[in-house]
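Enquirer: Predicted model, plus sequence, below.
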Amino acid sequence: MLYRRTILLLIIFAPFLSSANAADGTTWKAGTAKIIITPATPIWMSGYGGRTRPAEGKLHDLWIKVLVLVDGEGHRAVVLSSDLLGIPQSIYNNTCATLKKKYGLERAQIMLNCSHSHCTPVLRGALYDVYPIEREHIDAINNYSDDLEKKIVATIGKAFSNLEPVRLSAGNGRADFGVNRRNNLEPDVPDLRKKNALRGPVDHSVPVLAVHSVDGTLKAVVFGYACHNTTVSFYKWCGDYAGFAQIALEKKHPNAVAMFYMGCGADQNPLPRRTVELCSQYGRKLATAVDEVLTKPMTPLKPTLQTELELVTLNLGAEPTREELTKMTAGKRRSYIQRWASRLLKQMDTGKPFIRTYPYPVQVWMLGGQQIWITLGGEVVVDYSLGFKKQYGQNTWVAGYCNDVMCYIPSLRVLEEDVPPRASSRWGYEGNRSMIVYGMPAHRWADDIELLISASVQRQVKTLQKTAQ
């Protein structure tokens, strides 16, 4: 009888013992922490250009959540998820500098992702041209951003203080509510769905990273999806469908921290939309997809972690002329286009040149010597994830909206489609007009953008695969 019980216990705990052997020091270690970042006072809400006033209350709280990982050789990495539209360059740079000073972490070891919910705060230096923001509004935004930086660093520190032996496993699920917004008119989507006639490239994969304690308790689950968080458009703080998905998962797994990251969903929308009911429905769909992965056999990841990052110099297209900018400032109605053009004209008058390049973060991790995790800055269109999966395998994870969200990142295909005259009335925003929204001093990126980003990923993957051998 004792022999049979011993065998049974070995069968039950074999998966944990194989990937989390604390005795020989080859285990993963992980720590988690989270903190509410809902603004305590009314400040401007980001996301939609039509906003005319600060936020008015909340539907649910906004969060930052942290997972820190340490492999069997002591190599560390930080994953942060956030209910934010986008982390601007100043917060990324300040956070990395502080983490380097306090914990000796390099940029390659730091992954800061935002959910891109459109019901989250405006942050320092980002999207100022979009809204009629006054001096007092900027002061409030700066104060919130300063406090956010402190909370990010403190929450990462708390996660490091909670390290324990764990096992990691990977899997992929599926959710289908994301729709290519460039190729499908929103009112037509319900009928097109019924006919299975939706058009355009999509990425419906749901990558899942599960972190289990040695006793089998789910400690954290990190999951992604490539679709805009634009289901609702009111003036209440809300994490959109990603917020509802995390709430649902943490309710079902009360000992776990659920962390969402945005995939390459810059040209994808949750459709139909505009109601809280749909927002909650999409969140439940995504949570169900994650749970289905968790209940099936997942791929165990041995305790090896490799991290790479490059700041790639991307080239901007031609800068606007004085004549063009002057024409854009005409008219009585003060639009974001007029504010953008007026600001650039003032800069011209000072003699300060416009930026012609941008330091763009491209990051690649490898977990367990096999799971490739690519992260890209900005609002990345779906072509990138589909292309990298074709090149490196369908189980490759590709996240956009990481580390620095400076503007949209179109593929060459989208960039060319968005050059006037356009073949479709749906085209023009991601590769052209959105540059004004983000305040960039150009209408588009140069044609080599996809080539430069892909080359950086290729270099880093090659390095990681070589060292993993």
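Expert: Received the coordinates, thanks.

Enquirer: State the helix or strand in which the nearest residue to residue 175 once chain neighbours are set aside lies.
Expert: Ranked by CB to CB, 6 or more residues apart in numbering and with sequence neighbours excluded, the top spatial neighbour of residue 175 is residue 289, at 4.5 Å. Any C-beta I mention is one placed from the backbone N, CA and C, and that applies to glycine too. For residue 289, the host element (DSSP states H and E) is helix 276-295.

Enquirer: quick one: buried residues of that helix?
Expert: Across helix 276-295, burial judged by 16 or more other CB atoms under 10 Å covers 278-283, 285-291, 293-294.

Enquirer: just curious, which of those is nearest to residue 99?
Expert: Closest approach to residue 99 among the buried residues of helix 276-295 (CB to CB): residue 290, at 28.3 Å.

Enquirer: quick one: pLDDT of the closest one?
Expert: Listed pLDDT for residue 290 reads 98.

Enquirer: if I read this right, it contacts residue 245, doesn't it?
Expert: Yes - at 7.3 Å, residue 290 and residue 245 qualify as touching, with contact defined as CB atoms under 8 Å.

Enquirer: tell me the contacts of the nearest residue to residue 419 once chain neighbours are set aside?
Expert: Of all residues not flanking residue 419 in the chain, residue 432 sits nearest, at 7.0 Å (CB to CB, 6+ apart). By CB atoms under 8 Å, 6 or more residues apart in numbering, the residues touching residue 432 are 418-420, 443-444.

Enquirer: Flag the least confident of the residues you listed.
Expert: Lowest pLDDT within the contacts of residue 432 is found at residue 420 (90).

Enquirer: what's the spacing between that one and residue 344?
Expert: 20 Å (CB to CB, to the nearest Å).

Enquirer: who has more neighbours, these two?
Expert: Taking other CB atoms under 10 Å, residue 420 and residue 344 do not tie; residue 344 has more neighbours (23 against 8).

Enquirer: Skipping its backbone neighbours, what lies nearest residue 409 in space?
Expert: Going by CB to CB, 6+ apart, residue 409 has residue 378 as its nearest residue, at 4.1 Å.

Enquirer: Need phi/psi at that neighbour.
Expert: Per-residue torsions, residue 378: phi 80, psi -180 (degrees, to the nearest 10).

Enquirer: now residue 336
Expert: phi -60, psi -30.

Enquirer: One more: residue 449?
Expert: Torsion angles, degrees, to the nearest 10, at residue 449: phi -60, psi -50.

Enquirer: isn't it right up against residue 313?
Expert: No - Residue 449 lies out of contact with residue 313 (CB under 8 Å); the separation is 11.0 Å.

Enquirer: Mind checking which of the two has more residues around it?
Expert: A direct count of neighbours by other CB under 10 Å for residue 449 and residue 313 places residue 449 higher, at 22 against 11.

Enquirer: Now do the same contact list for that one.
Expert: Taking CB under 8 Å, 6+ apart, one finds 314-315, 409-410, 412, 415 in contact with residue 449.

Enquirer: What is the nearest of these to residue 391?
Expert: residue 412 (15.5 Å).

Enquirer: still on that earlier bit, show me which pair in the contacts of residue 432 is furthest apart.
Expert: Once CB to CB is applied, these give 420 and 444 as the farthest pair, at 10.7 Å.

Enquirer: and the lengthiest helix in the chain, which residues are buried?
Expert: As assigned by DSSP state H, the longest helix anywhere in the chain is helix 135-160. For helix 135-160, burial by neighbour count (16+ other CB under 10 Å) applies to 137-138, 140-141, 144-145, 148-149, 152-153, 155-160.

Enquirer: ditto for stretch 113-130
Expert: By 16+ other CB under 10 Å, the buried positions in stretch 113-130 come out as 113-124, 126-130.

Enquirer: now do stretch 360-374
Expert: Residues of stretch 360-374 classed as buried under the neighbour-count rule (16+ other CB under 10 Å) are 360-369, 371-374.

Enquirer: send the alpha carbons of that stretch over as CSV?
Expert: Output in CSV follows, covering the C-alpha atoms of stretch 360-374 (Å, rounded to 0.1, in the frame of the first residue of the first chain):
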residue,chain,number,x,y,z
TYR,A,360,12.6,52.5,-31.4
PRO,A,361,12.6,49.7,-28.8
VAL,A,362,12.7,46.1,-30.3
GLN,A,363,13.0,43.4,-27.6
VAL,A,364,13.3,39.6,-27.8
TRP,A,365,13.2,37.2,-25.0
MET,A,366,13.6,33.4,-25.0
LEU,A,367,12.0,31.4,-22.2
GLY,A,368,13.1,27.8,-21.5
GLY,A,369,15.4,27.8,-24.6
GLN,A,370,12.3,27.6,-26.8
GLN,A,371,9.6,30.1,-26.3
ILE,A,372,10.3,33.3,-28.3
TRP,A,373,8.7,36.4,-27.1
ILE,A,374,9.0,39.5,-29.3
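
Enquirer: Going forward, the N-terminal residue is numbered 397.
Expert: Will do, 397 is the new start, and the previous item becomes stretch 756-770.

Enquirer: and that stretch, how far from the chain's centre?
Expert: Offset of stretch 756-770 from its chain centre (CA atoms, centre = their mean, to the nearest Å): 14 Å.

Enquirer: go on, stretch 631-646?
Expert: Taking CA atoms, centre = their mean, one finds the center of stretch 631-646 at 15 Å from the center of the full chain.

Enquirer: Kindly report the same for stretch 522-530.
Expert: 22 Å.

Enquirer: Now do the helices in the stretch 397-546 of the chain.
Expert: With DSSP state H, counting those that start in this stretch applied, the stretch 397-546 of the chain shows helices at 398-415, 485-499, 531-556, listed in chain order.

Enquirer: worst average pLDDT in the ones you listed?
Expert: Least confident of those, judged by mean pLDDT, is helix 398-415 with a mean of 38.

Enquirer: quick one: the residue nearest to residue 815 from residue 805, how far?
Expert: Using CB to CB, we find residue 828 at a distance of 13 Å from residue 805.

Enquirer: Low-confidence stretches in the stretch 597-746 of the chain?
Expert: Within the stretch 597-746 of the chain, the stretches with pLDDT under 70 are 728-729.

Enquirer: if I look at residue 519, how far off is residue 693?
Expert: From residue 519 across to residue 693, the span is 41 Å (CB to CB).

Enquirer: try residue 864
Expert: From residue 864 to residue 693 the distance is 23 Å (CB to CB).

Enquirer: again, but for residue 442
Expert: Distance from residue 442 to residue 693, by CB to CB: 41 Å.

Enquirer: No more questions from me, cheers.
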